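Asker: give me coordinates for this.
(chains A and B)
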Amino acid sequence: MASQKKGTLDKNNKYDRQLRLWGDHGQSSLETARVCLINASATGTEILKNLILPGIGSFTILDGNKVQGEDVGNNFFLTADSIGKSRAQVATELLSELNEDVSGDFLEENVDDLLQKNPAFFTSFTTVIATQLSERTLLDLGKVLWTANIPLLVCRCYGFIGYLRVVIKEHTIIESHPDNFHEDLRLDYPFRGLKEYCDSLNLETMDKKEHSHTPWLVILYKYLQIWEEKHGGKMPKNYKEKVALKELIKEGIRKNENGVPEEEENFDEAIKSVNSSLNATGIPSDIKALFEDPSCLKLNSESKNFWVMVRALKEFTENDGNGFLPLRGSIPDMTADSERYIQLQTVYREQAELDSIAVAGHVHALLHNIGRKGTISDTEIKTFCRNSAFLTVLRTGSLEEEYGADTANTEELGRHVMMEEEEDASDEGDDTVLYILLRAADRFFTEYTRYPGFFNNSVEADIPKLKACLVKLTHDWGLSAGLKDDYIQEMCRYGASELHTVSAFMGGVTAQEVIKLVTGQFVPINNTFIYNGQRQTSTTIKL
Amino acid sequence: MEADWSSRWDHLQKIVERGGPFAHPDFEPSPEILGFLKDSCKILVIGAGGLGCELLKDLALMGFRDIHVIDMDTIDVSNLNRQFLFRACDVGKAKADVAAAFINARVPGCKVTPHYAKIQDFDDFFYRGFHIVVCGLDSIIARRWMNGMLIGLLTYEDGELDQSSLIPMVDGGTEGFKGNARVILPGITACVECTLGFYPPQINFPLCTIAHTPRLPEHCIEFVRILLWPKEEPFGAGVAIDGDDPKHIQWILEKSQERANEYNISGITYRLTQGVVKRIMPAVASTNAVIAAACATEVFKIATSCCLPLNNYMNFNDTNGVYTYTFEAERLEGCLACSNKPLSVTFSETDKLQDIITYLQENASLQMKAPGITTSMGGKNKTLYMQTVKSIEARTRENLKMSLKELGLENGQELYVADVTTPNTLTLQLQLATSMDNS
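Answerer: Below is the predicted model:
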């Protein structure tokens, strides 16, 4: 018992800096993750390193290759004396040293063979990461995982280019942690608790100290009432009216015996807040779209907690919520005495609690109606309600769609190819062109079983061949592309080299996307990320 | 020592032994470039923490073999979630030593030389010996100092910068899921001082809130840290708070909880208490990996000319998707650090010396911490004020209240300013307005 407690204390210390980002519940999710890496390339081991350090549950490396001299040159988790040994085994051993809480395993087997023999191997993981796979193998793997709804991340580094594709049928996010958001204050539609509290305070009769320590929320509420009385019950709607409201509030600042306004910070804050705090309370369009999603409208006994709660949220907004989402229940810090700030905070918290209980009522009724097994905890419902304005659903297309000539997003690709043609894009070109080049290099590989420029003696000769591949590729998309020859030449220079620093960059990016998927927090990319190491720029495209 | 095996450098050789349309105009593909990295190029890494560990690995695998690393810290348990060259058994040892030993053992032929020391312990002779300096620091002051050092090494001939005196500085920084990487060519592109505005100001709660109107759990913790601890001295007279001592944190936690209860404030936890006391920044392995990699890529580009370096600043954030923003930070005209021009400041005769000190601390492009001022009078050096040496502080404190006229300062007088943010003494030219001009 005592040693167990010590263990948890150690984890609190060891993971302290990241627990501040995704919390104990995020960490628990991470610790149940079973991650499969296909191929212990430099990129592959860098990704795993950044997952093992924060403490995923377990990892398995699948790799049928033996360690080569060039592998040791760019991979930190292989050693020179391991040349000729199983790459999966050596990398697993060296990676396992990073964190004793993570268990590592490996399988030395050819990916194609395993896909034939035992596809269930791949669906036993929570996430699969693929590096150094051919187009054909990738598509086979993609099919298996797509059907099982297991996220697949495809990462590759090619010269100064980094590429990451996230493939997932559906991923739902409750805690998206937006960097910027509006507070949920309801000054335009004050709820009963807020009304009662504000009405119980009288600015006129307060002494000087009390007056200058009244929270700005209350001040704004009071002056909005005065405003609305004068304007037929309407809130200030444009810039001019907001300026007028500010003037009105300014009048309310107490003056000393000489008629000079006192310094009242709370009034200054109230005036400043006119611009930021009078946003119309409503349901964001993204959330409205979720309400119309078939997964919400057609619940069944297999429905995920997320969709049951979305449906409950919809019912809440249509009934008890009077058209609004549940109250978030938090207020920003503001100049105020402790007592009234805490009272005001409690008013918001209590209403949020009531709203959450109401949503929970809908949740339980729905679970009963659809005959779904298992309940949804009050804590989960509370978290859901608090984040109800930020819910996000991610659905990427499948690899099969992306690679199908008829289903590829040629509109998106065409737009970028056109841009490349029109502008003199040598400086400001779009990094999407790098995706097209990677696909052309793959086609080259399919045709010649080597990458363009892989051998020193064929760099020049491969340039026109790669160009021909590119033309065919864009032709299949129905595009008439004329990419600059510079790009094709540079691509042949790279010769499929994997530079350690590009691998390390993509290793960080990819690991974080895995963490997002596993914890259900923060928003992953949708769906292809391209890194340009030459210019230190990047772009995300939906393919 | 020949540590190479067959095909070891295959990946890198393609980049440095083949030309390309996007390479630097000076680039001449050749096997000699790899030879230069391996045999001659000398890199200094500042910091062996989250970024430093990554940087050492990245540089070693990109062919660099003569790397020095400076770090004044020892290893803590909370480093282990990202500083991957350290293990639980290394806790308490010097970061620089452990990191260097690990790299040297793992990457044959690479020689990392550790310095368990402060950057201020080394002089310009030491710094002049490097081709490129890479910083992976969490301290703004240390960054500014390093920036000042490299600018101090520049030499000018007839106002023209001598290019051979220039040492590029590549700088990375991270916090949580955000980070940035930049390339500074001292004297040519924007330096750290040119862009001081990029650093967010440190947020301090007003003392009156902490003392009289706490509203947040943080206010209660700050009350205990700032006001209660010095009063009660719970671990003996003069014992300062040690944020890593669980007994200290536990005491602050309990007292903060008492205060929070008194005001009905909820949310005091051990984690929050330690976070406030130590001003902890969240950190993850992934962001450090990304930023260090971007920095190491830039070092490689500068050392090999294989393509153009970043011009000159990249921001990164992967909270919502993965986002980068790359732009050219602009030089600040008349930057006190890198413009090679003395700064001219205007004060009135009746202004006090304190007014100059306040100006140096509060001016957005100076932001000094504890500036000391000397000047030359009648051929002698005179210390007007110095805070860092106790006896001199006591002797010069009275000067703060004196007017510039009373101190005998004249129009055009040169003031020499020293501060922890720079290794150099900065020259200010005092423009003294008489009270009449001023009115």
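
Asker: residue B:334 and residue B:289, how far apart?
Answerer: Relative to residue B:289, residue B:334 is positioned 38 Å away (Cβ to Cβ, to the nearest Å). The way it works is simple: take the backbone N, C-alpha and C, and place the C-beta from them, glycine included.

Asker: neighbour count: those two, which is higher?
Answerer: Higher neighbour count among residue B:334 and residue B:289: residue B:289, with 35 against 13, using other Cβ atoms under 10 Å in any protein chain shown.

Asker: give the contact list for the more buried one.
Answerer: A:46, A:49-50, A:504-505, A:507-508, A:511, B:54 (Cβ atoms under 8 Å, 6 or more residues apart in numbering or on different chains).

Asker: which of the residues you listed fall in helices?
Answerer: Members of these lying in helices (criterion: DSSP state H): A:46, A:49-50, A:504-505, A:507-508, A:511, B:54.

Asker: tell me which parts of the stretch 51-200 of chain A are close to chain B?
Answerer: Residues of the stretch 51-200 of chain A lying close to chain B (Cβ under 8 Å from any Cβ of the partner chain) are A:53-55, A:68-70, A:72-76, A:79-80, A:83, A:97-100, A:159-160, A:176-179.

Asker: drop anything exposed from those residues.
Answerer: A:53-55, A:69-70, A:72-76, A:79-80, A:83, A:98-99, A:159-160, A:176-177 (16 or more other Cβ atoms under 10 Å in any protein chain shown).

Asker: quick check, the longest helix seen in chain A touching chain B?
Answerer: With secondary structure taken from DSSP H, chain A has its longest helix at helix A:338-370. Yes. Helix A:338-370 comes into contact with chain B (Cβ under 8 Å from any Cβ), by way of A:338-339, A:341-342, A:345.

Asker: out of the residues you listed, which is nearest to residue B:117?
Answerer: The closest of the residues of helix A:338-370 next to chain B to residue B:117 turns out to be residue A:338 (Cβ to Cβ; 46.7 Å).

Asker: ok, now which ones touch the spatially closest residue to that closest one that is not a sequence neighbour?
Answerer: Counting by Cβ to Cβ, 6 or more residues apart in numbering or on different chains, residue B:263 is the residue found nearest to residue A:338 once chain neighbours are left out, at 4.4 Å. Applying Cβ under 8 Å, 6+ apart, we find residue B:263 in contact with A:338-339, A:342, B:214-215, B:220.

Asker: repeat for residue B:415
Answerer: Taking Cβ under 8 Å, 6+ apart as the test, what residue B:415 contacts is B:356, B:373-375, B:384, B:409, B:427-430.

Asker: pull out the buried members of the contacts of residue B:263.
Answerer: Buried by 16+ other Cβ under 10 Å: A:338, A:342, B:214-215, B:220, out of the contacts of residue B:263.

Asker: let me know the helix or strand that residue A:538 is in.
Answerer: Using DSSP states H and E, residue A:538 sits in strand A:537-541.

Asker: hmm, that strand in reach of chain B?
Answerer: Yes. Applying Cβ under 8 Å from any Cβ, one finds strand A:537-541 touching chain B at A:537-538, A:540.

Asker: top of the residues you listed by neighbour count?
Answerer: residue A:538 (23 neighbours).

Asker: surely that one is in contact with residue A:431?
Answerer: Yes. Residue A:538 lies in contact with residue A:431 (Cβ atoms under 8 Å); the separation is 6.3 Å.

Asker: find the residues that touch each one of these two.
Answerer: Residues touching both residue A:538 and residue A:431 (Cβ under 8 Å, 6+ apart) are A:530-532.

Asker: restricted to strands, list those.
Answerer: Per DSSP state E, strands hold the following members of these: A:530-532.

Asker: would you map the strands across chain A?
Answerer: Under the criterion DSSP E, chain A contains strands at A:34-38, A:58-62, A:103-107, A:127-130, A:152-158, A:161-167, A:171-173, A:392-394, A:528-532, A:537-541.

Asker: let me have the ones you listed in JSON lines, extended by mean pLDDT.
Answerer: Below are the strands of chain A laid out as JSON lines (pLDDT from 0 to 100):
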{"stretch": "strand A:34-38", "mean pLDDT": "98"}
{"stretch": "strand A:58-62", "mean pLDDT": "98"}
{"stretch": "strand A:103-107", "mean pLDDT": "98"}
{"stretch": "strand A:127-130", "mean pLDDT": "98"}
{"stretch": "strand A:152-158", "mean pLDDT": "98"}
{"stretch": "strand A:161-167", "mean pLDDT": "98"}
{"stretch": "strand A:171-173", "mean pLDDT": "98"}
{"stretch": "strand A:392-394", "mean pLDDT": "98"}
{"stretch": "strand A:528-532", "mean pLDDT": "97"}
{"stretch": "strand A:537-541", "mean pLDDT": "95"}
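
Asker: for the chain, give me the ranges with low pLDDT.
Answerer: In the absence of a named chain, this looks at chain A. Residues of chain A meeting the criterion pLDDT under 70: A:1-9, A:417-429, A:481-482.

Asker: wrong chain, I was asking about chain B
Answerer: Using pLDDT under 70, the flagged stretches of chain B are B:1-2, B:435-439.

Asker: mind naming the longest helix for it?
Answerer: With DSSP H setting the assignment, residue counts place helix B:285-304 as the longest helix in chain B.

Asker: got the angle for that helix vs strand A:161-167?
Answerer: Taking axes from the mean of the first three to the mean of the last three Cα atoms, to 10 degrees, one finds helix B:285-304 and strand A:161-167 inclined to each other by 160 degrees.

Asker: hmm, back to that, between the contacts of residue B:415, which is closest to residue B:113?
Answerer: The closest of the contacts of residue B:415, once distances to residue B:113 are taken by Cβ to Cβ, is residue B:427, at 35.1 Å.

Asker: for that closest one, phi and psi?
Answerer: Torsion angles at residue B:427 (phi, psi; degrees, to the nearest 10) stand at phi -100, psi 120.

Asker: who are the neighbours of the strand holding residue A:538, in terms of helices and strands?
Answerer: helix A:432-448, strand A:528-532, strand B:323-327 (3 or more Cβ pairs under 8 Å, 6 or more residues apart in numbering or on different chains; DSSP states H and E).

Asker: and among these, the most buried is which?
Answerer: Mean neighbour count, computed with mean count of other Cβ atoms under 10 Å in any protein chain shown, is highest for strand A:528-532 among those, reaching a mean of 23.

Asker: that one pairs with which strands, parallel or anti?
Answerer: Here strand A:528-532 has these sheet partners by DSSP bridges: strand A:161-167 (antiparallel), strand A:537-541 (antiparallel).

Asker: between that strand and helix A:432-448, how many degrees?
Answerer: 100 degrees.

Asker: just the CA trace of strand A:528-532, in PDB.
Answerer: Written as PDB, here are the backbone C-alpha positions of strand A:528-532 (Å, rounded to 0.1, in the frame of the first residue of the first chain):
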ATOM      1  CA  THR A 528      -2.900  16.400 -44.200                       C
ATOM      2  CA  PHE A 529       0.000  18.400 -42.800                       C
ATOM      3  CA  ILE A 530       2.900  19.400 -45.000                       C
ATOM      4  CA  TYR A 531       6.100  20.800 -43.500                       C
ATOM      5  CA  ASN A 532       8.500  22.700 -45.600                       C
END
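
Asker: just give me the neighbour total for the residue nearest to residue A:414 when sequence neighbours are not counted.
Answerer: With Cβ to Cβ, 6+ apart as the criterion, residue A:414 has its nearest non-adjacent residue at 5.0 Å, and that residue is residue A:479. If you count neighbours by other Cβ under 10 Å, residue A:479 ends up with 18.

Asker: swap in residue A:431?
Answerer: Neighbours of residue A:431 under the rule other Cβ under 10 Å: 21.
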